[in-house]
Structures are given as C-alpha cells and as structure tokens.
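Peer 1: Pasted the sequence and its predicted model underneath.
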Amino acid sequence: MKTPNGDLDSWPDPASSNARRSVFAQDLVVEGDATSSGPIEVRGNVIGSLRAPEITVAGSGRVEGSIVAHDLVVLGAVSGTVSARSVQLAPSAVVQADVTHERIAIEVGAELDGRLQRKA
C-alpha cells in the first residue's frame, strides 16, 4: 500500500486499511519521524512527527512534535502541533498543542493548552 505524504485528503480511510498496528512500547524512546499506512499506538515516548490514518497516544505515551492523522485519540501527553479529522481527548489527556480538526471531543478532566482551529 502506498504511504501517503500529503494532506489528510490523500490518506486512506482507517476503516478500509488492512495494515497492521504499529506499537511503540512503554519502555521505548524514539527520536525521529514515523509514517505508517496502518494504525500507530504510542505507549512510550516519541520526539518527532507521526503520520498515520489512526493514532492512539496511550496513558503512558508522550509525543513531542507533530501529529497528522484521520483519527487521533489521546489518553497520554502531546505537545507540538496536531492536524486530524477527528480528535478525542480522554480525561487523562494532557495536550499542549495547536490543534486543527474537523471534529473534536474533549472529555471532562482532559487538559488542553493551545489553539483550536476547525477545518471546514
């Protein structure tokens, strides 16, 4: 499957992707950029950019950099910039980022410090 590298409109629908989930383990620290045609789950620390149709930052996960995704779920910590069609911030989320989105859900308890911009 071709890995997309443009804006969100060029990305495959996460539901139609048959790519396997990539997991950054809790004890892993990654410095650099990662792009996947399948889902990414961050349980460890990433310093750099992530691009994938679906990204989950687990409660133990931390991302410092940029995130581009169709669907983003944050239970852990994110700092930098976010561009996603759908963003969900769980009660445990701590986000210090400028967020561009089409839809966003911020649950009670989530911390958000940054600018929100709705993409039409």
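Peer 2: Happy to help now that I have it. Residues are numbered from 1 along each chain as shown.

Peer 1: Okay, now the unreliable bits of this structure?
Peer 2: Within the chain, the ranges that satisfy pLDDT under 70 run 1-17.

Peer 1: Do a quick rundown of the strands in it.
Peer 2: Using DSSP state E, the strands of the chain run over 22-24, 29-31, 34-35, 40-42, 45-57, 62-74, 77-89, 94-106, 111-113, 116-118.

Peer 1: Mean neighbour count for the ones you listed - can I get that in TSV?
Peer 2: Bear in mind the C-beta positions are built from the backbone N, C-alpha and C, glycine included. Below are those laid out as TSV (neighbours: other Cβ atoms under 10 Å):
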stretch	mean neighbour count
strand 22-24	17
strand 29-31	12
strand 34-35	15
strand 40-42	23
strand 45-57	22
strand 62-74	22
strand 77-89	21
strand 94-106	17
strand 111-113	13
strand 116-118	11
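
Peer 1: Dump stretch 23-35 to CSV, keeping only the CA atoms.
Peer 2: Taking Å, rounded to 0.1, in the frame of the first residue of the first chain, the C-alpha atoms of stretch 23-35 are listed here in CSV:
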residue,chain,number,x,y,z
VAL,A,23,3.1,-0.2,18.7
PHE,A,24,5.8,2.0,20.4
ALA,A,25,6.3,0.1,23.6
GLN,A,26,6.2,1.8,27.0
ASP,A,27,10.0,1.5,27.6
LEU,A,28,10.8,2.8,24.1
VAL,A,29,12.1,6.3,23.4
VAL,A,30,12.1,7.3,19.7
GLU,A,31,13.7,10.4,18.3
GLY,A,32,12.7,10.9,14.7
ASP,A,33,9.7,10.7,12.4
ALA,A,34,7.4,7.8,11.7
THR,A,35,4.8,7.3,8.9
